[in-house]
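Asks: Structure for this input, please:
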Amino acid sequence: MKNDFVFVDEFVSGIRWDAKYATWDNFTGKPVDGYEVNRIVGTRALCKALEKARENAASLGFGLLLWDGYRPQRAVDCFLRWSKQPEDGRTKLKHYPNIYKTEIVEKGYVAAKSGHSRGSTIDLTLYHLADNTLVSMGGDFDLMDSASHHGAKGITQAEARNRQYLCYIMEACGFVSYDYEWWHYTLKHEPYPNTYFDFPIT
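Replies: Predicted coordinates for the structure are as follows:
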């Protein structure tokens with residue numbers, strides 16, 4: 001692990017996580033290159049901001065569930081290779097029901113150089129602290145569809161309000177949102193804005 005990178009759960013108290021790309025439950029349908037353990041990694045600066053976000057979320061009755069943080073470049077390369085492979089339909093309905101897998105880059109859902117590889121981007125959602133149930137957001141993680149965009153039509157008022165809660169919490173702690181994915185936030189003042197790391201998560 002690089003010196004300034006840490007396991008987020010060791011530096012942010014009380015969070016939950018499920019590193020989807022270390023599991024079979026992601027749009028590629030299998031664990032992704034570079035994710036050797038189900039842990040979330042990020043910079044210390046990311047953790048400091050996330051701790052503040054966790055506190056703000058708790059004041060509203062929410063907890064934070066993390067899905068991805070630092071992403072090795074080799075994982076991004078794995079996504080790009082996958083997008084060029086023949087369609088097998090295994091994950092299409094859940095993750096890209098209305099586009100072809102070959103379109104995930106041009107539609108803005110996967111980039112050849114991901115902000116995640118810089119170590120200060122996080123994918124997350126909210127859960128209710130009262131009963132540990134996930135907050136309804138009108139779509140799941142990595143649903144590559146216009147329904148995942150900020151300001152999307154076709155979701156309920158409650159789901160739109162819940163996305164606004166998450167956005168309010170994150171922006172108040174120094175994060176900026178990504179228009180196409182309600183779960184994706186990057187530190188405004190990230191420590192490595194031009195460096196794309198490629199060490200595995202072990």
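Asks: Bridged to the spatially most central residue of the chain, which residues?
Replies: Centroid-nearest residue in the chain, with CA atoms, centre = their mean: D123, separated by 1.9 Å. Beta bridges link D123 to D68, H184, judged by DSSP bridges.
Asks: before we move on, which element is the residue of the chain positioned farthest from its centre in?
Replies: Of all residues in the chain, the one whose C-alpha sits farthest from the chain's mean C-alpha position, using CA atoms, centre = their mean, is P86 at 25.6 Å. Using DSSP states H and E, P86 sits within no helix or strand.
Asks: So for it, what's the pLDDT?
Replies: For P86, the pLDDT comes out at 96.
Asks: can you check M1 too?
Replies: Taking M1 on its own, its pLDDT is 78.
Asks: list the contacts for it?
Replies: Contact criterion CB atoms under 8 Å, 6 or more residues apart in numbering gives 41, 199, 202 as the residues in contact with M1. (Each C-beta comes from the backbone N, C-alpha and C, glycine too.)
Asks: swap the cut-off to 10 Å and go again
Replies: Shown here is M1, whose contacts under the criterion CB atoms under 10 Å, 6 or more residues apart in numbering are 7, 41, 70, 199-202.
Asks: residue ranges for the helices of the chain, please.
Replies: With DSSP state H as the criterion, the chain has helices at 44-59, 73-83, 92-95, 157-171.
Asks: quick check: mean pLDDT across the shortest one?
Replies: Over the span of helix 92-95, the pLDDT mean works out to 97.
Asks: next one: the first one
Replies: Predicted confidence along helix 44-59 averages 98 (mean pLDDT).
Asks: same deal with the second one?
Replies: Rounded to a whole number, the mean pLDDT of helix 73-83 is 97.
Asks: and it, C-alpha only, in PDB?
Replies: Coordinates of each C-alpha in helix 73-83 appear next as PDB, following Å, rounded to 0.1, in the frame of the first residue of the first chain:
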ATOM      1  CA  GLN A  73      -5.700   1.300 -13.000                       C
ATOM      2  CA  ARG A  74      -5.500  -2.400 -13.800                       C
ATOM      3  CA  ALA A  75      -9.200  -2.700 -12.700                       C
ATOM      4  CA  VAL A  76     -10.100   0.200 -15.100                       C
ATOM      5  CA  ASP A  77      -8.300  -1.700 -17.800                       C
ATOM      6  CA  CYS A  78     -10.300  -4.800 -16.900                       C
ATOM      7  CA  PHE A  79     -13.500  -2.800 -17.400                       C
ATOM      8  CA  LEU A  80     -12.400  -1.700 -20.800                       C
ATOM      9  CA  ARG A  81     -11.500  -5.200 -21.900                       C
ATOM     10  CA  TRP A  82     -14.900  -6.500 -20.600                       C
ATOM     11  CA  SER A  83     -16.800  -3.800 -22.600                       C
END
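Asks: Just the buried positions in it, please.
Replies: Neighbour counts over helix 73-83 (16 or more other CB atoms under 10 Å) mark 73, 75-76, 78-79, 82-83 as buried.
Asks: most neighbours per residue, which of the helices of the chain?
Replies: Comparing the helices of the chain on average neighbours per residue, with mean count of other CB atoms under 10 Å, the densest one is helix 44-59 at a mean of 20.
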